[in-house]
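J.: From the sequence below, what's the structure:
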Amino acid sequence: MRGDKGQRPQQIEGTYRRMIRPHVLIAGLAVAACAPNSGIYTLYRASPLDANLRIHVATFDSKDGDAYNRENCDQAATLFQQQPGVTVKFWCEKGHYRE
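T.: Sure, this is the predicted structure:
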């Protein structure tokens with residue numbers, strides 16, 4: 001029995017399998033990229049003109065994990081906050097930057 005364009009069914013199946021593999025890999029990477037924000041912290045600051053404005057300062061996403069990133073983000077927030085003349089608030093939130 002012949003399939004499309006005179007090919008055998010096994011050849012067609014192999015062709016589809018080769019075509020689908022890259023798509024499955026790309027889909028898998030996309031899902032991995034959407035994984036929870038485990039271990040990632042983002043440092044924000046307010047604005048001197050609007051205390052409710054969230055301005056991105058830095059993202060801490062080291063492979064060293066949650067505690068390491070949280071500690072470094074908190075330390076950076078404290079150091080920024082303690083600078084002479086600083087009047088805005090600095091804070092950390094778990095996860096990637098969000099407006």
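J.: From residue 86, how far out is the closest residue to residue 40 other than its chain neighbours?
T.: Spatially, and ignoring its direct neighbours in sequence, residue 40 is nearest to residue 61 (4.5 Å; CB to CB, 6 or more residues apart in numbering). C-beta coordinates here come from the backbone N, C-alpha and C atoms, glycine included. For residue 61, the distance to residue 86 equals 25 Å [CB to CB, to the nearest Å].
J.: before we move on, back to that, the residue nearest to residue 40 is in contact with residue 68, isn't it?
T.: No - at 10.4 Å, residue 61 does not count as touching residue 68 under the criterion of CB atoms under 8 Å.
J.: what's the domain layout of this protein?
T.: 4-33, 41-94 (automatic domain parsing).
J.: Would you single out the least confident of the ones you listed?
T.: Lowest mean pLDDT within these: domain 4-33, a mean of 54.
J.: Which of residue 61 and residue 86 has more residues huddled nearby?
T.: residue 61 (15 against 12; other CB atoms under 10 Å).
J.: Pull out the buried residues from stretch 48-63.
T.: Counting neighbours by 16 or more other CB atoms under 10 Å, one finds that the buried residues in stretch 48-63 are 54, 57-58, 60.
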